[in-house]
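Novice: Okay, sequence plus prediction incoming.
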Amino acid sequence: MKVIIALIGISTIILTPLFSENLLKNPGMEESDTQPLHWTLDQFNKGGSVVKIEKGIAHSGNNSISINNIEQNDARLMQDVTIKENTIYKISGWIKTENVSYEGIGANLSFNEHWFTSEEIEGTQDDWRYVDFYLSVKYDITRLSFCLRVGGYGGISTGKAYFDDVAMEEVKSIPPDSREFSVGSGKGENKKNNTNTTANTNTKNDPVVEQTVPRDPQTMGSMILVYSLLGLAVIVFILQLILVKPEK
């Protein structure tokens with residue numbers, strides 16, 4: 001029995017990395033039907049946008065949140081997130097839109113005071129659309145303001161967007177052909193990792209560069225396969241211990 005308990009503990013340790021913690025609070029807007037708890041509204045044109053908890057309109061659960069830019073605006077629901085240096089994060093969520101203007105940046109996931117965004121959704125998108133990107137945090141930055149957004153810096157927009165099931169999760173590597181960015185000064189970083197970078201100087205203090213993260217050859221898909229096989233091997237071994245009786 002002790003052996004079985006030990007093996008179950010080992011299998012739990014092996015399989016735990018498959019499930020990452022979501023750093024965002026109230027990511028599906030299910031904690032209240034009236035207020036977007038843990039989220040704060042900021043907007044370029046004050047009073048130009050309306051935010052509402054949408055009951056019965058959801059990608060999952062019961063609620064989503066909408067931002068309706070009645071006037072041209074950069075409106076964003078923000079949540080501060082504590083992050084770790086030298087770490088990669090996956091940012092993801094689901095968006096649908098109504099008459100979001102093609103002028104401007106459109107509906108997106110982003111970070112306040114940084115220029116980069118997820119894929120920008122414009123026009124009318126009746127079905128929920130999944131967007132994601134990866135962010136490599138280097139050095140000298142330990143906090144970011146995550147945004148659900150309609151519009152952006154230098155790209156104000158009109159129209160309505162719904163957001164649901166958003167997430168910010170720590171990951172080990174960036175899959176090939178992913179949308180990726182990085183933040184931080186890069187102090188102390190190995191110089192060979194700084195090749196083929198394109199710097200953007202529009203941010204305040206932290207340079208943001210695209211395509212700077214050396215990819216781990218073991219992508220998330222292969223990691224899942226390896227962990228699954230290891231877990232299966234542990235289960236088979238446990239069954240053998242239970243079912244096979246030792247010879248007398």
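Specialist: Good, I have the coordinates.
Novice: where does this protein dip in pLDDT?
Specialist: 1-19, 186-227, 244-248 (pLDDT under 70).
Novice: Now residue 93. Nearest residue, chain neighbours left out?
Specialist: Once flanking residues are discounted, residue 93 sits nearest to residue 166: 3.5 Å by Cβ to Cβ, 6 or more residues apart in numbering. Just so you know, the C-beta spots here come from the backbone N, C-alpha and C atoms, and that holds for glycine as well.
Novice: now the strands for the protein?
Specialist: Assigned by DSSP state E, the chain shows strands spanning 40-43, 49-55, 63-73, 75-82, 87-100, 107-111, 123-137, 143-150, 157-171, 180-183, 198-200, 208-210.
Novice: For the fifth one, buried residues please.
Specialist: When you say that, I think you mean strand 87-100. By neighbour count on 16 or more other Cβ atoms under 10 Å, the buried set for strand 87-100 is 88-97, 100.
Novice: And the furthest pair within these?
Specialist: Spatially, the most separated pair among the buried residues of strand 87-100 is 88 and 100, at 29.6 Å (Cβ to Cβ).
Novice: if we can go back for a sec, tell me the contacts of the residue nearest to residue 93?
Specialist: Contact analysis of residue 166 by Cβ atoms under 8 Å, 6 or more residues apart in numbering lists 24, 27-28, 91-94, 109, 146, 148.
Novice: That one and residue 237: what is the separation?
Specialist: 39 Å (Cβ to Cβ, to the nearest Å).
Novice: residue contacts, the spatially most central residue of the chain?
Specialist: Nearest to the geometric centre of the chain sits residue 91, at 1.5 Å (Cα atoms, centre = their mean). Counting by Cβ under 8 Å, 6+ apart, residue 91 touches 109, 118, 132-135, 146, 166-168.
Novice: Show me what it bridges to in the sheet.
Specialist: Beta bridges link residue 91 to residue 133, residue 168 when assigned by DSSP bridges.
Novice: ok, now how distant is it from residue 137?
Specialist: 12 Å.
Novice: Closest one to residue 52 out of the contacts of residue 91, please.
Specialist: residue 166 (16.5 Å).
Novice: Show me which of the contacts of residue 91 is closest to residue 36.
Specialist: residue 166 (11.5 Å).
Novice: What is the neighbour count of residue 243?
Specialist: Using other Cβ atoms under 10 Å, residue 243 has 7 neighbouring residues.
Novice: right, and residue 59 touches residue 94 too?
Specialist: Yes: counting by Cβ atoms under 8 Å, residue 59 does reach residue 94; the two are 4.2 Å apart.
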